[in-house]
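[1] build me a model:
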Amino acid sequence: MAALPGPMGGSAGDGLHPFANKNLSSKKQNSGKILSGETFSLFLEKAIQLLRPDGRLSFILPESILNIRTHADIREFILSETKIQTITLLGRAFTGVFTPVIRLDLIKEIAPEDWQACVNQETSSNPIRQHRFLGNPHLGFDIATRGHEEELLDKIYSIPYATLAGNAEWALGIVTGDKKKYVLDTPISGAEAVFRGSDVSRFRLTAPKSYLRFTPQDFQQVAPERIYRAPEKLIYKFIRPVNTVGMLARIKSI
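    Presented below is the predicted three-dimensional model:
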């Protein structure tokens, strides 16, 4: 990181960081805040500490810093020590690296409650109140939620409500370990229709086009059969890109 004279008597930092995931216990001894031992978290924490008041820095970081639970410690440090100036989504910016990245621009100054960070995407730029991140689970930076959506969510949660927590069982789908061997294109005796990821669309399921003989002892990953055969279930698919993190389709039976 290079420290240069910056505006308003502060300092500017430019960081290009190899954000390798190296959880070394010896690193944790150098930080009282970052318990995860994540290399990029420790690097970012130190850079913020070295900044003068009102200093600014810009880092290229993995997009996972925004919401993964492991990174809650560095998010807490960012929220308590800095104003988030901009978060710019860059996608898969590096050849041979499949991890999407962001550019994070910070100002070393305590953020007032009404401070708004700017979230930049390829075709849009949206302001988001930084203070709202403090109320999110694990201090997640839910940058996909815009201002009017935040107001709607606040209104929804201001009245009595119920969630799936404690009211549903969760399970992963079947992983056969050998798709060519077990997943069939045409029905045969003893085979059942199954939904694949490509059959899950936003709020609906298309008609299944694949079939499977349910032999759980042969599969790589399988949940208890009673969950798959429950009379009512929600099918969840984790997707990217756009501003959608998941989709649900409700069905009575498969």
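[2] spatially nearest residue to Ala191 (excluding sequence neighbours)?
    Tyr211 (4.1 Å; C-beta to C-beta, 6 or more residues apart in numbering). Bear in mind the C-beta positions are built from the backbone N, C-alpha and C, glycine included.
[3] quick check: mean pLDDT across the one helix or strand the one you found maps to?
    Tyr211 is part of strand 210-212 when elements are defined by DSSP states H and E. Averaged over strand 210-212, pLDDT sits at 95.
[4] give me the residues contacting it.
    174, 176, 182-188, 191-196 (C-beta atoms under 8 Å, 6 or more residues apart in numbering).
[5] hmm, try it at 10 Å
    174, 176, 179, 182-188, 190-196, 198-199, 219 (C-beta atoms under 10 Å, 6 or more residues apart in numbering).
[6] what subset of those residues is buried?
    Buried by 16 or more other C-beta atoms under 10 Å: 174, 176, 182-184, 191, 194-195, 199, out of the contacts of strand 210-212.
[7] in a markdown table: the residues you listed, plus distance to Gly147 and pLDDT.
    Supplementary listing: the buried ones among the contacts of strand 210-212 in a markdown table, determined by distance: C-beta to C-beta, whole Å; pLDDT from 0 to 100:
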| residue | distance to Gly147 | pLDDT |
| --- | --- | --- |
| Ile174 | 40 | 93 |
| Thr176 | 44 | 94 |
| Tyr182 | 47 | 95 |
| Val183 | 44 | 94 |
| Leu184 | 48 | 95 |
| Ala191 | 50 | 95 |
| Val194 | 41 | 93 |
| Phe195 | 36 | 91 |
| Asp199 | 34 | 89 |
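[8] closest to Arg69 among these?
    Ile174 (25.9 Å; C-beta to C-beta).
[9] mind checking pLDDT for the nearest residue to that closest one once chain neighbours are set aside?
    Once flanking residues are discounted, Ile174 sits nearest to Val222: 5.3 Å by C-beta to C-beta, 6+ apart. Looking at Val222, its pLDDT stands at 94.
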